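>>> Need a 3D model of the following:
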Amino acid sequence: MPVKCCFYRSPTTETMAWSENMDTLLANEEGLDAFRTFLKSEFSEENVEFWLACEDFKKTENSEKIASKAKMIYSEFIEADAPKEINIDFSTRDLISKNIAEPTLKCFDEAQKLIYSLMAKDSFPRFLKSEIYKQLVNSQQVGNHKKWLPFL
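All right, here's what the predicted structure looks like:
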């Protein structure tokens, strides 16, 4: 049984904490899954997928893998008519296109910031008002009441 310290959050509190900021949501596996489900329902899951791919990319240590991962991210999200093309401005796309031949761990930083900002200002507030989020909060509240009040 896990030890509850002063920083312990019940599942309901955890779910409610996702509303504090998008970083809290993205750092939580269940929160990320719920956000992805929401973005899929809005046909914009490519944003969080790109953001996650960039986070993974930045942890790459092997130079050969840096090149292959960069090309994969570029072909999947950046190039014109990519299968999961993200919505970024021409100058950012052009800069990445010019630097993709010799990629660095920072080559997607500007695009990642733009997509993060787009999600934070647009998708995240709508997620917090969505039925997906409300149902999660409600289901965990009901689950907690049953746990603490077994006669319910």
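
>>> quick one: low-confidence ranges for this protein?
For the chain, residues meeting the criterion pLDDT under 70 lie at 1-12, 141-152.

>>> Just list the residues touching the residue nearest the centre of it, thanks.
Closest to where the C-alpha atoms of the chain average out (Cα atoms, centre = their mean) is Val48, at 4.1 Å. Counting by Cβ atoms under 8 Å, 6 or more residues apart in numbering, Val48 makes contact with Leu26, Leu32, Phe35, Arg36, Leu39, Met119. C-beta: built from backbone N, CA, C; applies to glycine.

>>> List the buried residues in stretch 98-117.
Residues of stretch 98-117 classed as buried by neighbour count (16 or more other Cβ atoms under 10 Å): Ile100, Pro103, Cys107, Phe108, Glu110, Ala111, Gln112, Leu114, Ile115, Tyr116.

>>> hang on, the earlier thing: ok, of the contacts of Val48, which come out buried?
Leu26, Phe35, Leu39, Met119.

>>> if I read this right, the first one contacts Phe35, doesn't it?
Yes: using Cβ atoms under 8 Å, Leu26 makes contact with Phe35 at a distance of 7.3 Å.

>>> Assess the claim that Ala35 and Leu25 are in contact.
Let me fix one detail, which is that residue 35 is Phe and not Ala. Yes: between Phe35 and Leu25 there is a contact at 5.7 Å, judged by Cβ under 8 Å.

>>> and for the two, which residues touch both?
Both Phe35 and Leu25 are in contact with Phe124, Phe127, where contact means Cβ under 8 Å, 6+ apart.

>>> where's Asp89 relative to Leu95, distance?
Separation of Asp89 from Leu95 (Cβ to Cβ, to the nearest Å) stands at 10 Å.

>>> between these two, who's got more neighbours?
Leu95 (15 against 11; other Cβ atoms under 10 Å).
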